[in-house]
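Visitor: Starting from these lines, generate the structure:
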Amino acid sequence: MAPSGEHRHYWRTNLRYLAILLTIWFAVSFGCGILFVDQLNHYRIGGAKLGFWFAQQGSIYVFVVLIFVYVYLMNRLDARYGVGE
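Guide: Residues are numbered from 1 along each chain as shown. Predicted structure coming up:
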């Protein structure tokens with residue numbers, strides 16, 4: 001049985017959310033923790049250089065926030081399409 005148009009749109013939207021959130025996480029963890037570390041190390045947060053902070057803690061915090069954002073977005077998407085657990 002082929003998936004309906006609504007089913008395809010639901011999963012396309014879900015994959016778009018995943019792509020956007022994972023891109024943000026990659027940009028923060030790889031970009032701020034590796035690529036732009038020298039520029040960010042001119043600033044300090046909690047006594048640590050900002051580039052070091054992103055590499056050690058900041059990317060983890062961003063990842064946890066993105067998990068909550070994903071849950072929020074998926075709950076809205078599930079409600080829109082009447083998908084329940």
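Visitor: Distance-wise, check the residue nearest the centre of the chain relative to Gly5.
Guide: The centre of the chain sits closest to Leu21, judged by Cα atoms, centre = their mean, with a distance of 3.0 Å. For Leu21, the distance to Gly5 equals 25 Å [Cβ to Cβ, to the nearest Å]. Backbone N, C-alpha and C define where each C-beta goes, glycine included.
Visitor: Spatially nearest residue to Val28 (excluding sequence neighbours)?
Guide: Excluding its sequence neighbours, the residue lying closest to Val28 (Cβ to Cβ, 6 or more residues apart in numbering) is Val62, at 4.5 Å.
Visitor: In which helix or strand does that neighbour reside?
Guide: Secondary structure here is read from DSSP states H and E; on that basis Val62 sits in helix 59-81.
Visitor: buried residues in that helix?
Guide: Counting neighbours by 16 or more other Cβ atoms under 10 Å, one finds that the buried residues in helix 59-81 are 59, 62, 66, 70, 73.
Visitor: By pLDDT, give me the weakest of those residues.
Guide: Minimum pLDDT for the buried residues of helix 59-81 is recorded at Ser59 (86).
Visitor: Contacts only, for that residue.
Guide: 25, 28-29, 32-33 (Cβ atoms under 8 Å, 6 or more residues apart in numbering).
Visitor: Help me confirm that Ile34 is found in a helix?
Guide: Yes: secondary structure of Ile34, determined by DSSP: H, G, I helix; E, B strand; the rest coil: located in a helix.
Visitor: Neighbours of Phe54, how many?
Guide: Using other Cβ atoms under 10 Å, Phe54 is surrounded by 25 other residues.
Visitor: how close does it sit to Phe26?
Guide: As for Phe54, its distance to Phe26 is 13 Å (criterion: Cβ to Cβ).
Visitor: same deal with Val69?
Guide: 15 Å.
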